[in-house]
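Enquirer: just a sequence and a predicted model for now, questions to come.
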Amino acid sequence: MGQIANATSKSQDVDHNNWWQGDISHLLPMVNHERLLLKVSFQTPLNEIPYLDLGGRVIAGCQSDTHGRFWQFHADGLESAVEYSLQFVTSSLKPLCDPWPIQTFPHPEDEPEHVRLLMYTCAGGDEAKVTPDGRPEAISKVVRRQLFARGLSFEPDAVIGIGDQVYLDIKSGIADSVYGDAVRAYFDEHGWFDNDLPVLGSKNESLLAHYVDRQIGQLYGVMFRSTPTYLTMDDHDYFENDVANNNMVTFPVDSFQLRLARTTQQLYFPEFLPDQNRPLGLSGSSAGDRAEGLSESFGTLRYGKLLELLMYDCRRFMDLKGELSRFVAADAEDWLISRTGADDTSHLIHVPSTPMGWSAGKWAEWYPDVLDGKTLTIEKHKHLWQPGWFAQHQRILKSLYAQTERPPVMISGDLHAIAYSKIMSSGDLSFDDNPIHTILAGSIGTEDEGYPSFYRGVGGQPPQLLSVEEVVKPIEKLGFSILDITKNNIKVRQFAWRPPEEETHIDTLQPFSTIQISRNKA
């Protein structure tokens, strides 16, 4: 279609660094060493197919919704470790935004010297959802975007947001002791989903976009357009909190929950790109309504021979099968253990959506700990807790410990805190000579009432079945982690902030903790 002309006029719709975004509402990219996947939405539906100019190669958009607001772009056959210039255009080559750059990852056999990651959790929530006494569900998007901007100022090579991209719990939200009335009023004001209708092509579609725009689209905007962004899912992304009591059991995920979650991902953020070491037929992969080889629940970030990051959703496939129960599908567990045993990168990091190493006494944890007053105990029965969950936990930790040269490391979210511990033993497994390094990445969006110590009277604590060295005890503040990874070392800088600290402090926020994790052998 030829070269694209420069834009001749600019609207006033600009982001913080004066990039003209035209009518774009949000834009999230993902790359590997040879492919690109973009998810984009526009303020108003488009009447014609948009195109992506990728270094002179023009690619037609694929419509993700039924109205024409949401589009996705797929490109393969790219060169590794190359910076490409991208721009959305019309069929007549009229620019829809300014050009912007993005770089592919190194080839799996390349040997890069360094990679930097920005990691966090719990970015979702709508501050407009408030209790009758005015308490908001989430910190303001202004503050969340400030935290994002500070994280991005370190120029990470990739971003990983671990679970809870959306907080819109339906059954459990209405029944919640703190937010129940607010949730019902929120749905009364904005509209209720109809479980008997499909999500796309019914009133549910516009409702979903209305709700999720407020939590993902308006939050991310175009800030991350040049940074590959990996968003994983946890319980709230299925529109429920994990709850099991005499009145309701919210998981395993039901059909409507699953359709809402899958549609949210289809519209707003990229699925995981194929990886040569991840089976195409893995659970949650290669669905007929997705591009070939994409995985919705289990993902890989491979950065040459330096790093492999394994990301896994612990909610979509969780079951209630007693001793045989799992948080992670059986074939996905096999993949995790197989990749952990393959010694073809300097570092391998697990990123589960549900943390290992801490408990707050909630139902769907790896651990049987239950709240007894303001303490945790395993002497009391936890309703519907499944022993198979801990058995799977043991198998995963055993595989991490078995690495002889790489340090066993995992980073997770969910718990609305930032922390670092070493797991020295778990059940009958001892890790004294090669402890498991486990890190809580830090929460982006939590308001005061969202912290475990408010809801449950206790913050995250070491589970009773584990022996843990708490290096950084859980800190209930907003924050994120920056990882700098070289061949022989992982450096983790942890950042934290919480009101009543001045918001202006975020712009120059410094790490309160720096962790060094070295390879066992150089």
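Expert: Yes, it's here.
Enquirer: tally of neighbours for Thr66?
Expert: The local packing of Thr66 (other CB atoms under 10 Å) involves 14 other residues. All C-beta spots, glycine's among them, are computed from the backbone N, C-alpha and C.
Enquirer: three-state assignment of the closest residue in space to it that isn't next to it in sequence?
Expert: Using CB to CB, 6 or more residues apart in numbering and skipping residues adjacent in sequence, the residue nearest Thr66 is Gly201, 5.0 Å away. Look at Gly201: counting by DSSP: H, G, I helix; E, B strand; the rest coil, its state is coil.
Enquirer: tell me the domain ranges of this structure?
Expert: Following automatic domain parsing, one gets these domains for the chain: 24-103, 119-518.
Enquirer: return the distance of the first one from the chain's centre.
Expert: In other words, domain 24-103. 22 Å (CA atoms, centre = their mean, to the nearest Å).
Enquirer: span of it from start to end?
Expert: Using CA to CA, to the nearest Å, the end-to-end distance of domain 24-103 comes out at 21 Å.
Enquirer: again, but for the longest one
Expert: Domain 119-518 stretches 19 Å from its first residue to its last (CA to CA).
Enquirer: count of neighbours near the residue nearest to Thr66?
Expert: 11.
Enquirer: apart from its neighbours in sequence, what residue is nearest Leu415?
Expert: Gly460 (4.8 Å).
Enquirer: in this structure that neighbour contacts Lys362, no?
Expert: No - under the criterion of CB atoms under 8 Å, Gly460 makes no contact with Lys362, lying 10.2 Å away.
Enquirer: setting aside sequence neighbours, what's the nearest residue to Asp275?
Expert: Of all residues not flanking Asp275 in the chain, Thr300 sits nearest, at 3.9 Å (CB to CB, 6+ apart).
Enquirer: and what about that neighbour, helix, strand or coil?
Expert: Assigned with three-state DSSP, Thr300 falls in the strand class.
Enquirer: mind checking how far it is from Arg278?
Expert: 5 Å (CB to CB, to the nearest Å).
Enquirer: tell me, what's touching these two both at once?
Expert: Arg339 (CB atoms under 8 Å, 6 or more residues apart in numbering).
Enquirer: okay, now Ala391: neighbour count?
Expert: 15.
Enquirer: and it, which of the three is it?
Expert: helix.
Enquirer: contacting residues for the residue lying closest to it once chain neighbours are set aside?
Expert: Residue nearest to Ala391 in three dimensions, not counting chain neighbours: Glu323, with 6.9 Å by CB to CB, 6+ apart. Taking CB under 8 Å, 6+ apart as the criterion, Glu323 is in contact with 387-388, 391.
Enquirer: which of those lies closest to Ile216?
Expert: Gly388 (32.8 Å; CB to CB).
Enquirer: SS state for Ile506?
Expert: On the basis of three-state DSSP, Ile506 is classed as helix.
Enquirer: so what's it scoring on pLDDT?
Expert: If you check Ile506, the pLDDT there is 97.
Enquirer: repeat that for Gly2.
Expert: We have a pLDDT of 34 for Gly2.
Enquirer: repeat for Gly373
Expert: 82.
Enquirer: where's the residue nearest to Leu415 relative to Glu405, distance?
Expert: 30 Å.
Enquirer: residue contacts, Gly322?
Expert: Gly322 neighbours (CB under 8 Å, 6+ apart): 386-388.
Enquirer: buried only: go through those residues for me.
Expert: Among the contacts of Gly322, the ones that count as buried by 16 or more other CB atoms under 10 Å are 386, 388.
Enquirer: can I get the contacts of Gly322 in TSV with secondary structure, pLDDT and distance to Asp23?
Expert: Below are the contacts of Gly322 laid out as TSV (DSSP: H, G, I helix; E, B strand; the rest coil; pLDDT from 0 to 100; distance: CB to CB, whole Å):
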residue	secondary structure	pLDDT	distance to Asp23
Gln386	coil	98	48
Pro387	helix	98	53
Gly388	helix	98	49
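Enquirer: closest one of the contacts of Gly322 to Thr377?
Expert: Pro387 (16.4 Å).
Enquirer: give me the buried positions along the one helix or strand in the chain whose mean pLDDT sits lowest.
Expert: Within the chain, confidence by mean pLDDT, DSSP states H and E is lowest for helix 452-455 among all helices and strands, at a mean of 74. Residues of helix 452-455 classed as buried under the neighbour-count rule (16+ other CB under 10 Å) are 452-453.
Enquirer: tell me the mean pLDDT over the next helix or strand after that helix?
Expert: Downstream of helix 452-455, the first helix or strand assigned by DSSP states H and E is strand 466-475. Throughout strand 466-475, pLDDT has a mean value of 97.
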